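1. Structure for this input, please:
(chains A and B)
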Amino acid sequence: MTVRVRFAPSPTGYLHIGGARTALYNYLFAKATGGTFVLRVEDTDIERSSSEYEKLQIEDLQWLNLLHDEGPDKPNPKYAPYRQSERSHIYMEHALKLVEQGLAFYDFCTDEELEAAKEKAMAENRDPHYEGKWREPAFAAEAKARVAAGEKAAIRFRSPKKPYTLHDKVKGTVVFPENMVGDFVIVRSNGLPVYNFCCVVDDYLMDITHVIRGEDHLNNTVRQLMIYEALGAKLPEFAHVSLLIGADRQKLSKRHGATSVNLYRNDHYLPEAMLNYLCLLGWSHPEEKDVFTPEEIIPLFTLDRFSAHSAIYDLVKFKYINGQHLKMKDNAELIKMVEEFCEGASVDFFKAQSTEWKNKAIDITKPYSDFITDIPKNIQDMILDTGLESGEQADEIKTWESSVKVYQFIKEKVDNYSADYISEADLNAWTDSLKKDLGIKGKPLFMGSRFALTGKAHGPDLKILIPLTPVTIIKNRQAEVGKFLG
RNA sequence: GCACCCAUCGUCUAGCCCGGUCCAGGACACUGCCUUUUCACGGCGGCGACAGGGGUUCGAAUCCCCUUGGGUGUACCA
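-> Below you'll find the model as predicted:
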């Protein structure tokens, strides 16, 4: 049996990080087993669904490189169409069959009647299940006649009063007691079928072998189990993955920060880092590695390494993982990314430099960066910025009497420098001269010359940094340094 | 309310199914040291958890029960 899994988003908003995570798990499982990853669009809620969101969600999936093998844009004739809105006739056909078999029935109750019955049941401390007369087989003929006459009716599934057992790959054996659900609607009175019904019909007809989805569907599964049974369909394997929650352990929402994938995409997070981080929220690497690429994980991915409890979505480790993936990239790729994705004065400057310059600039900024956008930011701070660093270190430098000597010596050299950039050899000659001729050594020499050249007490190795810095900028800084030192 | 799910460092987790090798391991964060005549990167340490209570057992993080806490569902939403 070849594995077929699906990701079935509702196009009612942007792709959510929780959705991306379940998509990832389905994708990894398909790749790990040589199976097929199907994308199905669950747009039965016509009020909230839009084709625009469908498009955007697919774009986000593509950005994450979670490419589907089958879907609305890559149909397999055997299973198409892949949008539930285009499959209405299929659902109706099966719903009608269930009515014929007496496993479902037409219901003519009004919303008011239903609401009143529900309130009464609650008040009497009974389960608020359907109690209308139409569930009685005796009314079947009358119902059929009324529908034939054009009257609108919902179709309800006659729920068997017995317990159901689910063997879930994550939760283990779950027993749903009888009376957990009443006779639920499978087709609305407006003729549109409902999620729990469509889902089963589709998973059945599309030969889905493994249903990997969020835990929020766990209780729904009892309804689905009933429908599988009524349809005479073989049950797929189920894996109900725990949910992502906010730092307050509440459902993830806007107030917890960015919850949709496109926001991370716009901020130029690395897609492979996002996948890496999301993967770890609820699944663990067999060797406890925590930085890895999707390709590395595919051969290792199994359904028995999920944790059963929900995980707090917290950006701190995400940042670390993004940094690790960034540091794995080679310079050529990083240069391309900076030029393509980043903007600002430092990027414009960057683009105008030689390849050699770019490579060195990447070398010195990479260790300081977790995000691609940190690179131009660091280029700005380290190479282009003319401001002074304030704080204890700078104050300490000011107290050294040698600082002024170092500054004056270097200032004179820089003022008379004819090239646009100071060479490493010249810089070495200057520090040698400071050491030999002026007798300055140790901290005052190195810290002092760093401050005299950069206006800062910290930063990358001067020998690499200074040859990358335009002399004009150093001159501007020196005016500031001069004022600071008095 | 009722049903279902869950419960190991602040966070993500390993271990739990198949009790002893766990006075509980890793990672992030925080922190100390080393390296770097600076900072970052890196390396080596430190801090830090089995929710509580019963039971079973020679022995429980691991099995059972209760409590507490959290989550989900209970729609003619998905």
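
2. is stretch A:163-174 up against RNA strand B anywhere?
-> Yes. Residues of stretch A:163-174 are located near RNA strand B by CB under 7 Å from any atom of the strand, namely A:171-172, A:174. (C-beta placed from N, C-alpha, C; glycine too.)

3. How about stretch A:263-283?
-> Yes. Stretch A:263-283 comes into contact with RNA strand B (CB under 7 Å from any atom of the strand), by way of A:280-282.

4. That stretch: end-to-end distance?
-> The first residue of stretch A:263-283 is 24 Å away from its last residue (CA to CA, to the nearest Å).

5. Spell out which residues of the stretch 201-350 of chain A are next to RNA strand B.
-> Residues of the stretch 201-350 of chain A lying close to RNA strand B by CB under 7 Å from any atom of the strand are A:215-220, A:242-243, A:245, A:249-251, A:280-282, A:284, A:288, A:290, A:305, A:307-312, A:314, A:316-317, A:319-320, A:324, A:327.

6. just to revisit the earlier point, which one (most neighbours) among the residues of stretch A:163-174 next to RNA strand B?
-> Counting neighbours by other CB atoms under 10 Å, A:Lys171 comes out on top of the residues of stretch A:163-174 next to RNA strand B with 18 neighbours.

7. got the contact list for A:Ile238?
-> You called it Ile, but residue A:238 is Phe. Contacts for A:Phe238 (CB atoms under 8 Å, 6 or more residues apart in numbering) come out as A:166-169, A:210-211, A:221.

8. Can I get the buried part of the residues of the stretch 201-350 of chain A next to RNA strand B as one ChimeraX selection?
-> Filtering those down to the buried ones (16 or more other CB atoms under 10 Å) takes a single ChimeraX command:
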select /A:215,217,218,220,242,243,245,280,281,282,310,311,324
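
9. mind listing which of the contacts of A:Phe238 are in strands?
-> A:166-168, A:210-211 (DSSP state E).

10. Give me the buried entries from those residues.
-> Counted by 16+ other CB under 10 Å, the ones in strands among the contacts of A:Phe238 give A:166, A:168, A:210-211 as buried.

11. can I get the contacts of A:Phe238 in JSON lines with distance to A:Leu270?
-> As requested, those are exported to JSON lines (distance: CB to CB, whole Å):
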{"residue": "A:Leu166", "distance to A:Leu270": "37"}
{"residue": "A:His167", "distance to A:Leu270": "38"}
{"residue": "A:Asp168", "distance to A:Leu270": "33"}
{"residue": "A:Lys169", "distance to A:Leu270": "30"}
{"residue": "A:His210", "distance to A:Leu270": "28"}
{"residue": "A:Val211", "distance to A:Leu270": "30"}
{"residue": "A:Thr221", "distance to A:Leu270": "35"}
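
12. Now pLDDT too, for these, in CSV please.
-> Formatted as CSV, the contacts of A:Phe238 follow (pLDDT from 0 to 100):
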residue, pLDDT
A:Leu166, 95
A:His167, 95
A:Asp168, 96
A:Lys169, 96
A:His210, 98
A:Val211, 98
A:Thr221, 96
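
13. which one of these is nearest A:Ala394?
-> A:Lys169 (59.0 Å; CB to CB).

14. show me the contacts for the closest one.
-> A:237-239, A:303-304, A:306.

15. Need the max-distance pair from the buried ones among the ones in strands among the contacts of A:Phe238.
-> That would be A:Leu166 and A:His210, which, of these, are the farthest apart (CB to CB) at 13.7 Å.

16. that older thread, closest one of the residues of stretch A:263-283 next to RNA strand B to A:Ile410?
-> The closest of the residues of stretch A:263-283 next to RNA strand B to A:Ile410 turns out to be A:Leu280 (CB to CB; 49.1 Å).

17. how much space between the closest one and A:Ala23?
-> Going from A:Leu280 to A:Ala23 by CB to CB, to the nearest Å gives 16 Å.

18. Outline the domain layout of chain A.
-> Using automatic domain parsing, the domain ranges for chain A come out as A:254-325, A:330-379, A:392-485.

19. Turn the ones you listed into JSON lines, columns for mean pLDDT.
-> Output for the domains of chain A, formatted as JSON lines (pLDDT from 0 to 100):
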{"stretch": "domain A:254-325", "mean pLDDT": "94"}
{"stretch": "domain A:330-379", "mean pLDDT": "96"}
{"stretch": "domain A:392-485", "mean pLDDT": "91"}
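
20. List just the one of those domains that sits closest to A:Ala154.
-> Among the domains of chain A, domain A:254-325 comes nearest to A:Ala154, with 33.8 Å by CB to CB.

21. what about that closest one, start to end distance?
-> 27 Å.

22. same check, this time on stretch A:227-246
-> End-to-end distance of stretch A:227-246 (CA to CA): 34 Å.

23. roughly how far is it from the heart of the chain?
-> 23 Å (CA atoms, centre = their mean, to the nearest Å).

24. what do you get for stretch A:6-25?
-> Offset of stretch A:6-25 from its chain centre (CA atoms, centre = their mean): 9 Å.

25. Quick check: buried residues in that stretch?
-> By 16+ other CB under 10 Å, the buried positions in stretch A:6-25 come out as A:6-11, A:13-25.

26. Could you do stretch A:407-421 as well?
-> So for stretch A:407-421, counting by 16+ other CB under 10 Å, buried means A:407, A:409-411, A:413-414.

27. With distance to A:Leu103 and secondary structure added, can I get the residues you listed in CSV?
-> CSV is the format used below for the buried residues of stretch A:407-421 (distance: CB to CB, whole Å; DSSP: H, G, I helix; E, B strand; the rest coil):
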residue, distance to A:Leu103, secondary structure
A:Tyr407, 90, helix
A:Phe409, 94, helix
A:Ile410, 89, helix
A:Lys411, 91, helix
A:Lys413, 92, helix
A:Val414, 89, helix
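
28. can I get the residues you listed in CSV with distance to RNA strand B?
-> Formatted as CSV, the buried residues of stretch A:407-421 follow (distance: CB to the nearest atom of the strand, whole Å):
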residue, distance to RNA strand B
A:Tyr407, 17
A:Phe409, 16
A:Ile410, 16
A:Lys411, 20
A:Lys413, 19
A:Val414, 20
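
29. could you dump those residues to JSON lines with distance to A:Asp107?
-> Converted to JSON lines, these look like this (distance: CB to CB, whole Å):
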{"residue": "A:Tyr407", "distance to A:Asp107": "89"}
{"residue": "A:Phe409", "distance to A:Asp107": "93"}
{"residue": "A:Ile410", "distance to A:Asp107": "89"}
{"residue": "A:Lys411", "distance to A:Asp107": "90"}
{"residue": "A:Lys413", "distance to A:Asp107": "92"}
{"residue": "A:Val414", "distance to A:Asp107": "88"}
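
30. if we can go back for a sec, so which of the contacts of A:Lys169 is the closest to A:Gln84?
-> Using CB to CB, A:Phe238 comes nearest to A:Gln84 of the contacts of A:Lys169, at 20.0 Å.

31. which SSE is that closest one in?
-> strand A:237-241 (DSSP states H and E).

32. State the mean pLDDT of whichever helix or strand comes after that strand.
-> Later in the chain than strand A:237-241, the nearest helix or strand by DSSP H and E is strand A:244-245. Taken as a whole, strand A:244-245 has an average pLDDT of 94.

33. Check which helices and strands the helix or strand encompassing A:Asp437 sits against.
-> Using DSSP H and E, A:Asp437 sits in helix A:424-438. Secondary-structure packing of helix A:424-438 (3 or more CB pairs under 8 Å, 6 or more residues apart in numbering; DSSP states H and E): helix A:402-415, helix A:442-454, helix A:462-465.
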